[in-house]
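> Provided below for reference: sequence and predicted model.
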Protein chains: 2
Amino acid sequence: MRDVAARAGVSLKTVSRVINREPGVSTALIQRVDAAAAELDFRPNLGARSLRRSDGRTATIGLVLQDLANPYSASLHRAIEDIARARGVAVLSGSVDETAARERELVTAFSARRVDGLVIMPTGTDQSYLLLERRAGVAMVFVDRPPVGIEADVVLADNRSGARGGVAHLIAHGHRDIAFLGDLSSIATEEERHRGYCDAMAEAGLPVRADLVAKDLDTMDGAQTATHRMLELDHPPTAIFGGQNLITIGALRALRAARLQQQVALVGFDDFQLADLMQPAITVVAQDLQQIGHLAAETLFTRVDGDESPYTTAVTPTRLTPRGSGEIRAPDR
Amino acid sequence: MRDVAARAGVSLKTVSRVINREPGVSTALIQRVDAAAAELDFRPNLGARSLRRSDGRTATIGLVLQDLANPYSASLHRAIEDIARARGVAVLSGSVDETAARERELVTAFSARRVDGLVIMPTGTDQSYLLLERRAGVAMVFVDRPPVGIEADVVLADNRSGARGGVAHLIAHGHRDIAFLGDLSSIATEEERHRGYCDAMAEAGLPVRADLVAKDLDTMDGAQTATHRMLELDHPPTAIFGGQNLITIGALRALRAARLQQQVALVGFDDFQLADLMQPAITVVAQDLQQIGHLAAETLFTRVDGDESPYTTAVTPTRLTPRGSGEIRAPDR
DNA sequence: TTGAAAGCGCTAACAA
DNA sequence: TTGTTAGCGCTTTCAA
C-alpha cells in the first residue's frame, strides 16, 4: 500500500480510503490511486486490516461439521457458503468425526484466525468451553443438534415429529411389528427420532418390542448385522424404520441379502442419492438441508452484525417422500 | 499478550517465546507464563503473527473446488483436510460451479487472506492470472484438470487409459455398438475420456459411429434424453459408456424407463454411492480420490516448504470395478 | 478534501 | 536466559 501511495503521489490514508471506497475523495485521486494499484498488482491484506480495524472483523467464518465428505455435511456446507459468498465472507471448515477433542481443536484453530462467527454441528457432551469465544465476541449458531452447557441460536430439523410421521406411515400400511434402528444414542437427534418412533407406536396403541429396537449402531455394517439378526427372530419385523442415512442403507443391504426387500417395508430418516432408483425405491423422511444451512448462516450474520435479541431455536419441517419401500403392506395375519 | 506479560511479570518477548515453544526459556518462566495465559484465557492471534513473521505464513490454504456439495469435490476436500490437519493448517474452500469468474473471485478472496497455498480444480480456459499469485509467493497445485497458461504441479487421474479400459471391457463382452456420453467438451478430463473411448474402439478395429457419441451433456436430464434418443435409433447401442457420474446415472434412468437395464450394458466413469445396490449393480471406472487429494496436499506443502524442483504431473491410476451392468453380453447377431 | 502520527498483536534483530 | 526496540500493512484519530 505504501508503494501504491508513492506511485500515486498521495498519502497512505488516501490509498486506504480509495481501496475501501470511502466517500470524500476527489475523482481525480481515486483514478490515480486505482491506476497505481493496478500497475503494482496491489493485493490488500485482510489480516492487517482486521488487526487494525476497530471491529476486528476478518470477513471469515468457521464451520465445524461432522465429515466434509458425507453428503449431509457437504450439503449444509454448500448452503452456508452461498449465503457467506453473497456477503464477501470466506469459509473455513473442518471435520469432527464425532470426536469431542477434534471439535475443540477446530474451534481453537478457527478462533486463532479470529473468525467472525462459527457454525457448529456439536459432538461433545459439553459446549460450555465456547462461552470463552462468545466473550471474545465470536458469534455462533448450532445446527443439527442443540449444544449443551451454553445458550445459543440453534437450527434443527423436526426430528421427533418427522420420525413419528414416518413410523405412522408404516402403521397406516398395516404394520405392527416395526423395528427401530438408531445411531449412537449420545447424539441428540437420534434420541429425538427414537422418541418420535415411540410416540407413533403409543398413538396407535402398539407395544414397543425391545427386541425390535437396536441403538448405538455406528456403522452401516452394524445396521446390517442388527437387521439380519432381527429378520431371524421368531417374530421378525414386517417393517423397519432407519434412524439415519447409513443405517437405512445397512438395513437395505440386509433385506437384499435375505431377499426380503419386496416383503419388509422400509422407511429411512434422511434422503440420499439414488434412493429413487432402488428397487423398490426407498421411502424417506427428508430434511431440507438447504433451508437449514441458509437459516443458520443468516442467523449467524445477524449476530455478527450485532443483533442481541434473545436466542432462538428454529425447527425446520421434514418431508415424508413415499417412493415404494414404505408402502409395502404388512402381510395378513 | 501484553496482559499475559504483565501478569507473569515478564517481557512481551518472553511470552512470545513461551507461546511458540522456542527453546531457551527457563522452566520457571515457562510455567509462570503458561499459568498467566490460562488465567487470562489468552488466545493467540495468528493474523498478527503472520503479519510480523518473516515468512508471512498464515497456516491456511485455499481450496477452489467445483461444488462442495458434490461427492467428487467433497471427497477431495476431505482428503486434503486430513493432510492439512496433520500440519496444523486450516482450510478455506469455495465452489466454482464451472464459472470462470467465480474461480477468480475465490482466488482473490483467498489471496487477500494470504493463504500459503492453493489447490485448484480449474474451470476457466486461462489460469495465467495466477502468475501474479505465484510471484507473491503463493504455492499452488491443480487437481483433476490441468491449468492453461501457467506451468505448475498437477495431479490427475488417468482419464484416457481409464476410459479405454472401460470401453475395452465392453468390447470384450461382445459389444460393437458402444455409445459415448460426455460432459462439456471444454473440460479437459472429458476430452481425455473421449479419446480413451476412441482408442479402445480403434484398437479393436471398430468404427466410431457419430450417432452414438453425445457430448456437451451438462445435466443428468441431458444425458437421459440423449440416451433415450439413441435407444430409439434403428441400430441402437448395445452398450453405453458414461463419461461421468451424473451422466451415467442419467443413462441409467433412460435404460430403466425403457426397461432395458438388463439388456444394454453400462459402464460409467467415476464411482458413486449405492452403485453396488442397483439392479444390475453398476460397473464403473473409479478414481482414487483419497490418493489424489493426499498427493495434491502433499505436493502443495512441499512447495510451501520451499521446494523449487521442476513441476510435476502426477497421474493416478483408475480401477475398473465390475459389478454386473458392464458384463451384460452383446446379443448375438 | 487530504495527510501525519499512532498503534492493532505479534515477532525479528539485536542488546544486555 | 531475558529484555528492548522497531515495524509487518493497515486503519484510527486528529489536525490541516
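Happy to help now that I have it.

> Report the buried residues of stretch A:306-319.
Buried residues in stretch A:306-319, counted by 16 or more other CB atoms under 10 Å in any protein chain shown: A:314, A:316, A:318. (Each C-beta comes from the backbone N, C-alpha and C, glycine too.)

> my bad, should have said stretch A:233-242
In stretch A:233-242, counting by 16+ other CB under 10 Å, buried: A:236-242.

> Can you name the residue of the stretch 201-333 of chain A nearest to chain B?
Here the stretch 201-333 of chain A gets closest to chain B at one residue, residue A:274, 4.7 Å apart by CB to the nearest CB.

> Now for residue A:52, how many residues are close by?
Residue A:52: 9 surrounding residues under other CB atoms under 10 Å in any protein chain shown.

> can you tell me how far it sits from chain B?
Remark: distance between residue A:52 and chain B (CB to the nearest CB, to the nearest Å) = 10 Å.

> pLDDT score for that residue?
pLDDT recorded at residue A:52 is 94.

> before we move on, what about residue A:317?
Looking at residue A:317, its pLDDT reads 98.

> And residue A:1, by the same measure?
With respect to pLDDT, residue A:1 has a value of 87.

> That one - nearest residue in space that isn't next to it in sequence?
Nearest non-adjacent residue to residue A:1, counting by CB to CB, 6 or more residues apart in numbering or on different chains: residue A:15, 5.3 Å away.

> Can you pull out the low-pLDDT segments for chain A?
Residues of chain A that meet the criterion pLDDT under 70 lie in A:333.

> near DNA strand C, which residues of it show up?
Residues of chain A found near DNA strand C (CB under 7 Å from any atom of the strand) are A:10-14, A:17, A:24-26, A:28-29, A:48, A:51-52.

> Need the max-distance pair from those.
Greatest spacing in these, by CB to CB: A:28 and A:51 (30.9 Å).

> which of the residues of chain A next to DNA strand C count as buried?
By neighbour count, with 16+ other CB under 10 Å, the residues of chain A next to DNA strand C hold A:10, A:14, A:17, A:25, A:29, A:51 as buried.

> Dump the residues you listed to TSV, plus distance to residue B:137 and secondary structure.
Formatted as TSV, those follow (distance: CB to CB, whole Å; DSSP: H, G, I helix; E, B strand; the rest coil):
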residue	distance to residue B:137	secondary structure
A:10	27	coil
A:14	27	helix
A:17	28	helix
A:25	31	coil
A:29	30	helix
A:51	20	helix
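
> out of those residues, who's nearest chain B?
The closest of those to chain B turns out to be residue A:51 (CB to the nearest CB; 5.4 Å).

> how many other residues sit next to residue A:212?
20.

> And the buried residues of stretch A:306-319, which is closest to DNA strand D?
Nearest to DNA strand D among the buried residues of stretch A:306-319 is residue A:314, at 32.6 Å by CB to the nearest atom of the strand.

> Bridged to the closest residue to the closest one other than its chain neighbours, which residues?
Spatially, and ignoring its direct neighbours in sequence, residue A:314 is nearest to residue A:155 (4.7 Å; CB to CB, 6+ apart). Residue A:155 has the following beta-bridge partners by DSSP bridges: residue A:143, residue A:314.

> What's the nearest residue in the stretch 151-300 of chain A when you look at DNA strand C?
Closest point on the stretch 151-300 of chain A to DNA strand C, by CB to the nearest atom of the strand, is residue A:300, at 23.1 Å.

> In which helix or strand does that residue reside?
helix A:289-304 (DSSP states H and E).

> Where do the helices of the stretch 151-300 of chain A begin and end?
Using DSSP state H, counting those that start in this stretch, the helices found in the stretch 151-300 of chain A span residues A:159-172, A:188-203, A:220-231, A:245-257, A:289-304.

> quick one: the third one to chain centroid distance?
Distance of helix A:220-231 from the chain centroid (CA atoms, centre = their mean, to the nearest Å) equals 26 Å.

> I figured residue A:19 hits residue A:43, correct?
No: look at residue A:19 against residue A:43 with CB atoms under 8 Å: they stay out of range, at 10.7 Å.

> Next, count neighbours for residue A:281.
Residue A:281 has 17 nearby residues by other CB under 10 Å.

> who does it bridge with?
Beta-bridge partners, per DSSP bridges, of residue A:281: residue A:324.

> Tell me who's in contact with it.
Neighbour list for residue A:281: A:275, A:323-325 [criterion: CB atoms under 8 Å, 6 or more residues apart in numbering or on different chains].

> quick one: which of those residues is nearest to residue B:185?
Distance to residue B:185 across these (CB to CB) is lowest for residue A:275, with 31.4 Å.

> For the closest residue to residue A:214 other than its chain neighbours, grab the count of nearby residues.
Among residues not flanking residue A:214 along the chain, residue A:226 sits closest, at 4.0 Å (CB to CB, 6+ apart). Neighbour count for residue A:226, taken as other CB under 10 Å: 23.

> Surely residue A:226 is in contact with residue A:181?
Yes: the pair residue A:226 / residue A:181 is scored as a contact, 6.0 Å apart, by CB under 8 Å.

> tell me, what's touching those two both at once?
Joint contacts of residue A:226 and residue A:181 (CB under 8 Å, 6+ apart) are A:214, A:217, A:250.

> What separation do you get for residue A:134 and DNA strand D?
Computed as CB to the nearest atom of the strand, to the nearest Å, the residue A:134 to DNA strand D distance reads 23 Å.

> Ok, residue A:203 next?
58 Å.

> Of the residues of chain A next to DNA strand C, which fall within the contact range of DNA strand D?
Restricting the residues of chain A next to DNA strand C to those within reach of DNA strand D (CB under 7 Å from any atom of the strand) leaves A:12-13, A:48, A:51-52.

> JSON lines please, covering these and showing secondary structure.
Shown next, in JSON lines, are these (DSSP: H, G, I helix; E, B strand; the rest coil):
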{"residue": "A:12", "secondary structure": "helix"}
{"residue": "A:13", "secondary structure": "helix"}
{"residue": "A:48", "secondary structure": "helix"}
{"residue": "A:51", "secondary structure": "helix"}
{"residue": "A:52", "secondary structure": "helix"}
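
> any idea which of the residues you listed is the one closest to residue A:134?
The closest of those, once distances to residue A:134 are taken by CB to CB, is residue A:51, at 21.3 Å.

> who's in contact with that closest one?
Residues near residue A:51 by CB under 8 Å, 6+ apart: B:45, B:47-48, B:51.

> Which one of the helices of the stretch 151-300 of chain A lies nearest to residue B:64?
The closest of those to residue B:64 is helix A:289-304. By CB to CB, the value is 20.2 Å.

> Give me the contacts around the closest one.
Outside helix A:289-304, the residues that touch it by CB under 8 Å, 6+ apart are A:57, A:61, A:72, A:75-80, A:82-84, A:87, A:89, A:116-119, A:139-141, A:143-144, A:153, A:155-157, A:312, A:314, A:316.

> Turn the buried ones among these into a named PyMOL selection, would you?
Those of the contacts of helix A:289-304 that count as buried under 16+ other CB under 10 Å are selected in PyMOL with:
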select buried, chain A and resi 57+61+72+75+76+77+78+79+80+82+83+84+89+116+117+118+119+139+140+141+143+144+153+155+156+157+314+316
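
> Buried ones in stretch A:28-42, by neighbour count?
Judged by neighbour count (16+ other CB under 10 Å), stretch A:28-42 contains these buried residues: A:29, A:32-34, A:36-37, A:42.

> Tell me how far whatever residue of the stretch 201-333 of chain A ends up closest to DNA strand D lies from residue A:63.
Residue of the stretch 201-333 of chain A nearest DNA strand D, by CB to the nearest atom of the strand: residue A:306 (14.9 Å). Using CB to CB, to the nearest Å, residue A:306 is found at 21 Å from residue A:63.

> Residue A:264 now?
Applying CB to CB, the value for residue A:264 to residue A:63 is 38 Å.

> likewise residue A:41?
Applying CB to CB to residue A:41 and residue A:63 gives a distance of 31 Å.

> Doesn't residue A:94 lie inside a strand?
Yes: if the criterion is three-state DSSP, then residue A:94 is within a strand.
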